[in-house]
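Enquirer: sequence and predicted structure below; questions after.
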Amino acid sequence: MKKIWKKITAGVLTMTMALGLCACGGSGTGTETASNGSGNTENDTTATTEGSSGDRKESEYASMTARELAIRMGNGFNLGNTMEASDMNRPGDYVKNEVVHFETLWGQPVTTKEMIDDIKNSGMDTLRIPVAWTNAMDIENGDYTIGQAYMDRVKQIVDWALEDDLFVVLNDHWDGSWWGIFGEKDASRREIGYDIFKSMWTQIGTEFKDYDERLIFEGGNEELGDGFNDIRSPLVKDGNGLTKDECYDTANKVNQLFVDTIRSLGGRNENRFLLIPGYGTDITQTLDSRWHMPTDTAKEKLFLSVHYYTPWSYCGSTGSSTWGTKKNYEEMNTLMKNLSVFTEQGYGVIIGECGVLPTSNNEMKPNWLLWYENFYANCDLYGYVPLLWDTGNMLNKQTHQWINDGVKGFLLDNSYENQSSTSYENIQASAKQKMEQSLAAAPETFDTNQKLAGDGTAIAWIMWDSQDWNIVYSVGDTYDPDSKTYGVKATDVEVTGEGTYTVALDFTKTDAGKSIGTAFSAIGIANAEELFPGYVIDIKQILINGEEYKMNGRNYTSSDDGLCTRSNLYNEWVPAVPDDARTRGGGTSGCTPTVLEKECGEIQTIEITFDYVPGASGISANDANTMTDQ
């Protein structure tokens, strides 16, 4: 994908165009540049070597800034659920397992050179290889050495990608949630996390130190943020010990350690391009003033990594749903524009994961092309590198077929090779025009029977994610009745003040005909924090399939954004009742964020009746715990 910055000189522009022409299958771009397993010739040199386009490219890549390299990185793809597959239960003798055990653990076939060729031939210019390095570490016994067989297998896949002249992003990815060690309540145990991290990247950086600028290291994934409080790994003894501020501080420290470690390892690491995970790779949280990019001894060699699956109900769910309202376009355009503050500061930006997951019937969702067109247009406009996430449901690794010829065609159209002969000005103008036209043509809503929660209106609804993520309805603090699985029938109500209200969801008309339990659910009331400050949701009755459901404790009321009033039904990401929780009587004794069980059965319908009343005034939740609720 062509991403040329206004300040790039005409000389650099000419050089970059030349790169695009010689990068497409010319002699010396593949195995010749990887003949010693490092992407370099045996007689490595930073000077141009006559007859070797591989060395010529190395020299020019080395002189680029991250924003300039983004021009050449074009389209990208993730080798998902493969080398990052891990078992967080870590069975005995796991470090003695063959590499193939982990590589195929999450249902993927063993990676072959032919699969990498498929990726290259589908218009991709960059391959991201997520890796779970602790698969080959004996952490329990204090040995952080990465097994050589595991390292060699990763190295083989990297070399295949470089032979196809793909850029490669290599990271540590989820990795069985070992990152929760950083959040141990015992501060001395947190140091173990830093020791593991430094040892891991010292080994990786040393092993690949002579690889050229096409290999980019990424310090982590979504875990650098709230993931520090993840307690799912058995390696975590007593976790969830960090405040939000401390999570931000830890993310900054880990990112700085990553940069300092790689820069100290010699070889090409002194000026290697590095990819820094944003806070949880979430755009909004990364833009928070508590987060910052690390300092670097190399000049303009840092990229920022964030992910884009917005809205999750459309992008991340396998339930059939659609996208394309004005609200959808405005949300995407705003988030992508806000992200440009980093490019303005001199950093490159890589959208490390993005895309729209197919439905459970393995079909592309309605309006998928609208989402991709607008997203890639934003990338063109601001100079971002999009890396499509895939676990074999878009490109079948065994049949070598794409789920839809239109997807492959779209990616080929947006490849660097296809766009390299077009000027930046024309690409930018085309992208901007396409975005404006798409927004103007978008409808306000697909469901004309639903009320919109505009200013002055409070709408109550049930946010819902099924346990298998296939059934969704308006998840998030912004009320969006269009964000749903096809067939979901919702009973949402306008809240006008104190009173009793009933909200409901009917799943019988969806393809599945039911919801399997719940992965997340809550009652939300849009705009209520402003319209009815201090009011509480007091659940009186829950009916599932017409039968009364006995709640697991008491519900409480709170707000994440200061606008939407919320009462969690099932939220496993909230480990304890928050300090700002409020109830009808003021006390929070017996309250829980999981009044529903995750395994609450096969749900055809759910109906919830609640009183909406003023909360206890002048009493904090903590102080009121000993009071008798009214």
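Expert: All right, it came through fine. Numbering: from 1, shown residues only.
Enquirer: if I look at Ile619, what pLDDT would I see?
Expert: The model reports Ile619 with a pLDDT of 39.
Enquirer: now Glu42
Expert: Value for Glu42, per-residue pLDDT: 36.
Enquirer: what does Thr478 give?
Expert: Thr478 is given a pLDDT of 88.
Enquirer: can you give me the distance of the closest residue to Gly267 other than its chain neighbours to Ser420?
Expert: In space, and not counting its chain neighbours, Gly267 is closest to Lys209: 3.0 Å by C-beta to C-beta, 6 or more residues apart in numbering. Quick note: C-beta positions are derived from backbone N, CA and C, even for glycine. Distance of Lys209 to Ser420, given as C-beta to C-beta, to the nearest Å: 30 Å.
Enquirer: again with Glu60
Expert: 14 Å.
Enquirer: please apply the same query to His101.
Expert: Distance from His101 to Ser420, by C-beta to C-beta: 42 Å.
Enquirer: of the two, who's got more company?
Expert: Ser420 (21 against 13; other C-beta atoms under 10 Å).
Enquirer: next, the more buried one: phi, psi?
Expert: phi -70, psi -20 (degrees, to the nearest 10).
Enquirer: and the pLDDT at it?
Expert: On pLDDT, Ser420 comes in at 91.
Enquirer: and what of Asp511?
Expert: At Asp511, pLDDT is 87.
Enquirer: touching, it and Glu363? I think so.
Expert: No. With contact defined as C-beta atoms under 8 Å, Asp511 does not reach Glu363; the gap is 10.8 Å.
Enquirer: identify the contacts common to those two.
Expert: Common contacts of Asp511 and Glu363 (C-beta atoms under 8 Å, 6 or more residues apart in numbering): Ser320.
Enquirer: any idea how many residues pack against the closest residue to Met435 other than its chain neighbours?
Expert: The shortest distance from Met435 to any non-neighbouring residue, by C-beta to C-beta, 6+ apart, is to Ala377 (5.1 Å). Using other C-beta under 10 Å, Ala377 has 24 neighbouring residues.
Enquirer: in this structure Ala377 contacts Lys434, no?
Expert: Yes. The pair Ala377 / Lys434 is scored as a contact, 4.9 Å apart, by C-beta under 8 Å.
Enquirer: okay, now the unreliable bits of the stretch 301-450 of the chain?
Expert: Applying pLDDT under 70 to the stretch 301-450 of the chain flags residues 448-450.
Enquirer: what sits against Gln401?
Expert: Leu395.
Enquirer: swap the cut-off to 10 Å and go again
Expert: Gln401 makes contacts with Asp118, Leu395, Lys408, as judged by C-beta atoms under 10 Å, 6 or more residues apart in numbering.
Enquirer: and it, how close does it get to Ser122?
Expert: Gln401 is 11 Å from Ser122, by C-beta to C-beta.
Enquirer: and for the two, which residues touch both?
Expert: Counting by C-beta under 10 Å, 6+ apart, the residues touching both Gln401 and Ser122 are Leu395, Lys408.
Enquirer: could you pull out the strands in the stretch 301-450 of the chain for me?
Expert: 302-308, 348-354, 384-388 (DSSP state E, counting those that start in this stretch).
Enquirer: identify whichever of the ones you listed lies nearest to Glu494.
Expert: Among these, the nearest to Glu494 by C-beta to C-beta is strand 302-308 (32.7 Å).
Enquirer: name the residues of the closest one that come out as buried.
Expert: Residues Leu302, Phe303, Leu304, Ser305, Val306, His307, Tyr308 are the ones in strand 302-308 that count as buried (16 or more other C-beta atoms under 10 Å).
Enquirer: can I get the CA coordinates of it in CSV?
Expert: Provided in CSV are the C-alpha atoms of strand 302-308 (Å, rounded to 0.1, in the frame of the first residue of the first chain):
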residue,chain,number,x,y,z
LEU,A,302,9.8,3.1,16.1
PHE,A,303,6.4,2.0,15.1
LEU,A,304,3.3,2.0,17.3
SER,A,305,1.0,-1.1,17.2
VAL,A,306,-2.7,-0.9,17.8
HIS,A,307,-5.5,-3.3,16.8
TYR,A,308,-8.8,-2.5,15.1
